[in-house]
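> Can you look at this prediction? I've put the sequence above it.
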Amino acid sequence: MNKTVSGADEAIRDIEDGMILMMGGFGMSGLPENCIAALVKKGVKDLTCISNNAGVDDFGIGLMLKQRQVKKMISSYVGENAEFERQLLSGELEVELIPQGTLATRCMAAGYGMPAIFTPAGIGTEVAIGKEVRNFNGKDYLMEMAFEADFAIVKAWKGDTMGNLVYRATARNFNAVMAMAGKITIAEVEELVEPGEIDPDHVHTPGIYVHRIFQGKNYEKRIEQRTVRKK
Amino acid sequence: MLDKEGIAKRIAKEIKDGYYVNLGIGIPTLVANYIPENIDVVLQSENGLLGMGPFPFEGEEDADIINAGKQTITMLPGSAVFDSAMSFGMIRAKKVNLTILGAMEVSENGDIANWKIPGKMVKGMGGAMDLVASAENIIVAMQHVNKAGESKLLPNCTLPLTGVNCVKKIVTELAVLDVLPEGGFKLLERAPGVSVEEIKKATAGKLIIEGEVPEMVI
């Protein structure tokens, strides 16, 4: 059950124009940097990207936006990207903004084989327009559908050749739920190890969810807001 | 009148021993600096952390350890990390005791708007819609009036809503107010040096004043 591929180019070889991609990460943390670079190089376009954020102008999905590769973004927060906001306000880019928990749970539902979830988030707001509302125990909930993504692209700290993944600290974020949710899941890891080197008790994403894995290289791991205190 | 730090200090007094607290971006983040040392509080960051600590020392910042505002932070002993679905799971399941967030507008029935100005600013709601839809204890930190001097405490919100009937308490540069279940802003405390008249003038929504309104103690 060896899922290793040579690198990002091979991992994304069959991603085509118009596909729906999930991209892990929160802000700059836990971004699949190698796959994003390969997608920019490949130049696929008309993509729908499901990702909590849209990167910044020169990093993350921002790089794909700059090349006009993205037709539609499904995100919860896009505040730090001037090019994104420009494309959005000018109508060049289609954007669906959805609550962060709804985004995460629609991924989770896909990974758990459930067609939909019910959440109170967005009740009484424009997010609820056109959606089915159900009342449970006196409270209204929106029905939100599980995502259907052609590919999920995630970044983990460590993985083995069978696809078992371990994340580090808050870089886990959407990676762990998106890894479960792609028709094909690609994982890039900082360190690729042999089966047995990860304690089964420490696995965050079981390898059954992962189809391709490779050891990434040259991680920049950029920090969006460097905040420190003096010693 | 309070500055941002003052608003944060006053809100910190609402935090009780044993609370799990989610702090939003902006003034709410500052609240962490004023949590009394004699109480035990765990801060939740909705990108997937319980046990958020202070900013790291210079040179120790780690790109894998950030808060929901994408700032580098530290993890205190006893911290736990988890994925985004579980993070909002614990919010939806009301495990988080107190949510503190910012707002552009609040209405007298507790509606809140804080994510979008049509045609001008579209940053997104992030986790705010999930938080306000599920939390039972929501405090809003906000400016009472906008830069043009217009009230942000309104009969009805004019901006796209983040949530309805959810805000319980508001702390502004001028006052502490409760949002009553039957509607209306009940004035609880005045900021130092601020008169009831000034608060009346700055509040467009229904303001309820009963008896003497004390000056807040910070």
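Ah, there it is.
> pLDDT wise, what is residue A:153 at?
According to the prediction, residue A:153 has pLDDT 98.
> hang on, I meant residue A:134
pLDDT, residue A:134: 98.
> could I get stretch B:125-144 in CSV with only the CA atoms?
Presented in CSV, the C-alpha positions along stretch B:125-144 are these (Å, rounded to 0.1, in the frame of the first residue of the first chain):
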residue,chain,number,x,y,z
MET,B,125,-17.4,36.3,8.6
GLY,B,126,-14.7,33.9,9.7
GLY,B,127,-15.9,32.1,12.7
ALA,B,128,-18.2,34.9,13.9
MET,B,129,-21.4,33.5,12.6
ASP,B,130,-20.8,30.2,14.2
LEU,B,131,-19.9,31.8,17.5
VAL,B,132,-22.9,34.1,17.7
ALA,B,133,-25.3,31.4,16.6
SER,B,134,-24.3,29.0,19.4
ALA,B,135,-22.7,30.9,22.3
GLU,B,136,-25.0,31.7,25.2
ASN,B,137,-22.8,34.3,26.7
ILE,B,138,-21.7,37.0,24.2
ILE,B,139,-20.1,40.3,25.1
VAL,B,140,-19.5,42.8,22.3
ALA,B,141,-16.6,45.2,22.5
MET,B,142,-17.2,48.1,20.2
GLN,B,143,-17.1,51.9,19.7
HIS,B,144,-20.4,53.5,20.6
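> how near is residue B:198 to chain A?
The gap separating residue B:198 from chain A is 32 Å, by C-beta to the nearest C-beta, to the nearest Å. C-betas here are computed from N, CA, C, even on glycine.
> what's the nearest residue to that residue if we skip its chain neighbours?
residue B:174 (6.5 Å; C-beta to C-beta, 6 or more residues apart in numbering or on different chains).
> For that neighbour, grab the count of nearby residues.
Neighbourhood size, residue B:174 [other C-beta atoms under 10 Å in any protein chain shown]: 25.
> Would you check that it makes contact with residue B:191?
Yes: in terms of C-beta atoms under 8 Å, residue B:174 counts as a neighbour of residue B:191; the distance is 5.2 Å.
> anything in contact with each of these two?
B:1-2 (C-beta atoms under 8 Å, 6 or more residues apart in numbering or on different chains).
> Quick one: list the elements packing against the helix or strand of chain B with the lowest mean pLDDT.
Least confident helix or strand of chain B, by mean pLDDT, DSSP states H and E, is strand B:121-122 with a mean of 74. Strand B:121-122 sits against helix A:82-89, with contacts defined as 3 or more C-beta pairs under 8 Å, 6 or more residues apart in numbering or on different chains; DSSP states H and E.
> in the helix it packs on, what counts as buried?
Across helix A:82-89, burial judged by 16 or more other C-beta atoms under 10 Å in any protein chain shown covers A:83-85, A:87-88.
> go on, stretch B:30-45?
B:30-32, B:34-35, B:41-45.
> and what of stretch B:176-194?
Those buried within stretch B:176-194 under the rule 16+ other C-beta under 10 Å are B:176-179, B:184-191, B:194.
> and which of those residues is nearest chain A?
For these, the minimum distance to chain A (C-beta to the nearest C-beta) is 15.3 Å, reached by residue B:179.
> To what extent is the spatially closest residue to residue A:68 that is not a sequence neighbour buried, counted in neighbours?
Distance criterion C-beta to C-beta, 6+ apart; nearest residue to residue A:68, sequence neighbours excluded, is residue A:45 at 6.8 Å. Neighbour count of residue A:45, defined by other C-beta under 10 Å: 15.
> Let me see the contact set for residue A:45.
By C-beta under 8 Å, 6+ apart, the contact list for residue A:45 reads A:17, A:67-69, A:71.
> Contacts only, for residue 12.
All of this refers to chain A. A:35, A:38-39, A:42, A:151, A:153, A:186.
> other chain: chain B
Contacts of residue B:12 by C-beta under 8 Å, 6+ apart are B:31, B:34-36.
> give me phi/psi at the nearest residue to it once chain neighbours are set aside?
In space, and not counting its chain neighbours, residue B:12 is closest to residue B:34: 3.7 Å by C-beta to C-beta, 6+ apart. Backbone geometry at residue B:34, expressed as degrees, to the nearest 10, gives phi -120, psi 10.
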